[in-house]
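> Give me a 3D structure for the following:
(chains A, B, C and D)
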2 protein chains.
Amino acid sequence: MDTSSYDPSAFPAFAVTVDLVVLTVRPPALEVLLLKRPEAPAKGTWALPGGFVKPDQDLVEAAEFKLADKTGVVVDRAHLEQLQTFGSPKRDPRMRIVSVAYLAMVADPMAPELGNATWTPVDDVDRKALAFDHAEILATGIERARSKLEYTTLGTSFCSPEFTIAELRSVYEAAWGTTLDAANFHRKVLATDGFVEPTGRTESSGPGRPARTYTAGDADALHPAIVRPA
Amino acid sequence: MDTSSYDPSAFPAFAVTVDLVVLTVRPPALEVLLLKRPEAPAKGTWALPGGFVKPDQDLVEAAEFKLADKTGVVVDRAHLEQLQTFGSPKRDPRMRIVSVAYLAMVADPMAPELGNATWTPVDDVDRKALAFDHAEILATGIERARSKLEYTTLGTSFCSPEFTIAELRSVYEAAWGTTLDAANFHRKVLATDGFVEPTGRTESSGPGRPARTYTAGDADALHPAIVRPA
DNA sequence: TGCAATTATGGTCACTACGACAAGAACTAT
DNA sequence: ATAGTTCTTGTCGTAGTGACCATAATTGCA
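So this is what the prediction gives:
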């Protein structure tokens, strides 16, 4: 072992930031929260929300703070998990920045535009040329979210507090860009213990038979999984 | 947005390290590479291999370097992936350190002890009281490895270049701490395209019918998965 | 030499989960 | 009333699984 690497006075100094991939579902699209950068570098281009971590701030706290700041979302009603850390020496032109990316999944906030923030369908992001390596971070976040829908109950965190099976299905369809058989989806969701809990109430919007409503159950994992179609 | 957070001269300085969870399988145990710390802090206790990232070094490069350093493992023959980043303000007594943890899966290196490094069965680690938050990092790595065996072909990276189905099965059994039905495991592995490729050769060790040997296939994902028994 | 033990590999069978689809239930709109 | 829409339940053929049995091909020992 190299002794020098443990000399506290001689370690290389890095800046540490958090960047957030905040996803929501507004049928029929999976959408991401983007900010128009108001200053240099990359002024005027689109970027993920984020910022420097304070000296005494935990990483997750920094992410929670940024999330509340940009969306007004109560953290309790959202899912937030660490995504991946990006630390290429070239990723920021100014200095060596290591960014810990977080993935947030929130229910439709119904506040489309606030300040210079905007929800954008993820399929339209290509045209927006994101700043830095944010396109890569976003791609990682989208794939993580799509894959977690398969084997966890996190789909419910995209839904209203009280929702119908059809609303949950529209989450899967939007996120995966597919259509799912309503009858089979219904059967699978109800067959999984702890996925959803019936409220006893029903809800009617538009034509068709009114749907029973449910709340999120207390299970985290899905056994068996809801497999993404090929 | 707070303008001050983008002033390059006023960002908080962090130290960034990589820590490695290096796993191997030596039937019947899943084992991890531990180092006895030769100096303060936590001198004399066991810890995961790791070290500071150099100013112009990519995170993966730093991890690859440390892996080669400690194990002599050729990186091509091993699997290395980013695990999770740990950055609690309290995790190191000296200063604010953010550690990017990596998970490495290597075939049995046959070199049990080199210097102050040692392979330890993961079930015996509790008794060794790891330094800092390394117990948490290790637990995260073990769970990641166990779960990736289910839905990826990474089990082969714990095997010799040419291996038998039984050797692959012993990997799963060691990692999961279970026994698996040999016949059913055999059927499932061969039913998955790209998991293993037959060599046409056989290998005999000890009594019993000689087993055909295989090399790792080019598939990454397992469809359907090999589900861990409850 | 021959037999027992051992491991590899192949096969059967009942059960579960699934996709495709049909059909009934309960509403809205005209 | 009737058509259209959506929710919900049911049916059926197929694929995957675990438990288990059978056979193949070797080693080790009497």
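
> How far away from the center of its chain is the top helix by length along chain A?
Using DSSP state H to define each element, chain A has its longest helix at helix A:134-151. How far helix A:134-151 lies from its chain's middle: 8 Å, per Cα atoms, centre = their mean, to the nearest Å.

> likewise stretch A:41-49?
In terms of Cα atoms, centre = their mean, the centre of stretch A:41-49 is set 19 Å apart from its chain centre.

> now do stretch A:180-187
Averaging C-alpha positions (Cα atoms, centre = their mean) puts stretch A:180-187 25 Å from its chain's average.

> Quick check: the residue of chain A nearest DNA strand D.
Nearest residue of chain A to DNA strand D (Cβ to the nearest atom of the strand) works out as A:G208 at 1.9 Å. Quick note: C-beta positions are derived from backbone N, CA and C, even for glycine.

> quick one, the longest helix of chain A and helix B:134-151 angle?
Interaxial angle, helix A:134-151 versus helix B:134-151 (axes from the mean of the first three to the mean of the last three Cα atoms, to 10 degrees): 70 degrees.

> and helix A:134-151, what does it pack onto?
Contacts defined by 3 or more Cβ pairs under 8 Å, 6 or more residues apart in numbering or on different chains; DSSP states H and E place helix A:134-151 against strand A:15-26, strand A:29-36, strand A:79-86, strand A:97-105, helix A:165-176.

> For the nearest residue to A:E81 once chain neighbours are set aside, give me the pLDDT.
Take A:E81 and drop its neighbours on the chain: the residue closest to it by Cβ to Cβ, 6 or more residues apart in numbering or on different chains is A:L103, 5.5 Å away. We note a pLDDT of 98 for A:L103 in this prediction.

> number of nearby residues for A:L103?
A:L103 has 23 neighbouring residues, counting by other Cβ atoms under 10 Å in any protein chain shown.

> Give the full set of residues in contact with A:V100.
A:V100 sits next to A:V16, A:T17, A:V18, A:D19, A:V53, A:L59, A:A63, A:Q82, A:T85, B:T85, B:G87, B:V98 when contact means Cβ atoms under 8 Å, 6 or more residues apart in numbering or on different chains.

> Okay, now the unreliable bits of chain A?
Counting by pLDDT under 70, chain A shows low-confidence ranges at A:1-10, A:110-114.

> The same query, at a cut-off of 90, please.
Within chain A, the stretches with pLDDT under 90 are A:1-12, A:37-44, A:69-77, A:93-94, A:108-117, A:127, A:205, A:230.

> Using PDB, write down the CA coordinates of stretch A:166-179.
Taking C-alpha atoms only, stretch A:166-179 is exported to PDB below (Å, rounded to 0.1, in the frame of the first residue of the first chain):
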ATOM      1  CA  ALA A 166     -56.300   1.100 -15.400                       C
ATOM      2  CA  GLU A 167     -54.300   4.100 -14.100                       C
ATOM      3  CA  LEU A 168     -51.500   1.800 -13.000                       C
ATOM      4  CA  ARG A 169     -51.600   0.100 -16.400                       C
ATOM      5  CA  SER A 170     -51.300   3.400 -18.200                       C
ATOM      6  CA  VAL A 171     -48.100   4.000 -16.100                       C
ATOM      7  CA  TYR A 172     -46.600   0.700 -17.400                       C
ATOM      8  CA  GLU A 173     -47.700   1.500 -21.000                       C
ATOM      9  CA  ALA A 174     -46.300   5.000 -20.900                       C
ATOM     10  CA  ALA A 175     -43.000   4.000 -19.400                       C
ATOM     11  CA  TRP A 176     -42.500   1.000 -21.700                       C
ATOM     12  CA  GLY A 177     -44.100   2.500 -24.800                       C
ATOM     13  CA  THR A 178     -46.200  -0.600 -25.300                       C
ATOM     14  CA  THR A 179     -49.800  -1.600 -24.800                       C
END
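
> Enumerate the residues of chain A near chain B.
Residues of chain A found near chain B (Cβ under 8 Å from any Cβ of the partner chain) are A:1-3, A:5-6, A:8, A:11-16, A:35, A:38-39, A:51-59, A:82, A:84-85, A:87-89, A:94-96, A:98, A:100.

> Can you name the residues of chain A sitting close to DNA strand C?
By Cβ under 7 Å from any atom of the strand, the part of chain A that sits against DNA strand C consists of A:181, A:183-184, A:188, A:191, A:204, A:206-210, A:224-227, A:229.

> Among the residues you listed, which ones are in helices?
By the criterion of DSSP H, membership of the residues of chain A next to DNA strand C in helices covers A:A183, A:N184, A:K188, A:A191.

> Quick one: buried ones out of the residues you listed?
Listed as buried from those are A:K188; burial here means 16 or more other Cβ atoms under 10 Å in any protein chain shown.

> domain assignment for chain A?
According to automatic domain parsing, chain A comprises the domains A:3-135, A:154-216.

> As TSV, those domains with distance to B:R127 would be great.
Below are those laid out as TSV (distance: least, Cβ to Cβ, whole Å):
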stretch	distance to B:R127
domain A:3-135	26
domain A:154-216	35
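
> Can you tell me which of these is nearest to B:V171?
For B:V171, the closest of the domains of chain A is domain A:3-135, at 26.2 Å, according to Cβ to Cβ.

> Show me which residues of stretch A:53-70 are buried.
Counting neighbours by 16+ other Cβ under 10 Å, one finds that the buried residues in stretch A:53-70 are A:V53, A:Q57, A:L59, A:V60, A:A62, A:A63, A:E64, A:F65, A:K66, A:L67, A:K70.

> Stretch A:164-178 now?
For stretch A:164-178, burial by neighbour count (16+ other Cβ under 10 Å) applies to A:164-176.

> for stretch A:46-55, same thing?
Within stretch A:46-55, the residues scored as buried using 16+ other Cβ under 10 Å are A:W46, A:A47, A:L48, A:P49, A:G50, A:G51, A:F52, A:V53.

> Which single one of those residues is nearest to A:A131?
Closest approach between these and A:A131, by Cβ to Cβ: A:A47, at 4.2 Å.

> Alpha carbons only: can I get stretch A:67-84 in PDB?
Output of stretch A:67-84 as PDB, limited to C-alpha atoms (Å, rounded to 0.1, in the frame of the first residue of the first chain):
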ATOM      1  CA  LEU A  67     -36.100  17.700  -5.400                       C
ATOM      2  CA  ALA A  68     -38.300  19.700  -3.100                       C
ATOM      3  CA  ASP A  69     -36.700  22.900  -4.400                       C
ATOM      4  CA  LYS A  70     -37.500  22.200  -8.100                       C
ATOM      5  CA  THR A  71     -40.800  20.300  -7.900                       C
ATOM      6  CA  GLY A  72     -42.300  21.200  -4.600                       C
ATOM      7  CA  VAL A  73     -42.900  17.500  -4.200                       C
ATOM      8  CA  VAL A  74     -43.200  16.200  -0.700                       C
ATOM      9  CA  VAL A  75     -40.500  13.700  -0.400                       C
ATOM     10  CA  ASP A  76     -42.700  11.200   1.500                       C
ATOM     11  CA  ARG A  77     -44.900  10.900  -1.600                       C
ATOM     12  CA  ALA A  78     -42.100  10.200  -4.000                       C
ATOM     13  CA  HIS A  79     -39.600   7.500  -4.500                       C
ATOM     14  CA  LEU A  80     -35.900   8.600  -4.500                       C
ATOM     15  CA  GLU A  81     -33.000   6.300  -5.000                       C
ATOM     16  CA  GLN A  82     -29.300   6.600  -5.800                       C
ATOM     17  CA  LEU A  83     -28.800   5.900  -9.500                       C
ATOM     18  CA  GLN A  84     -25.100   5.900 -10.400                       C
END
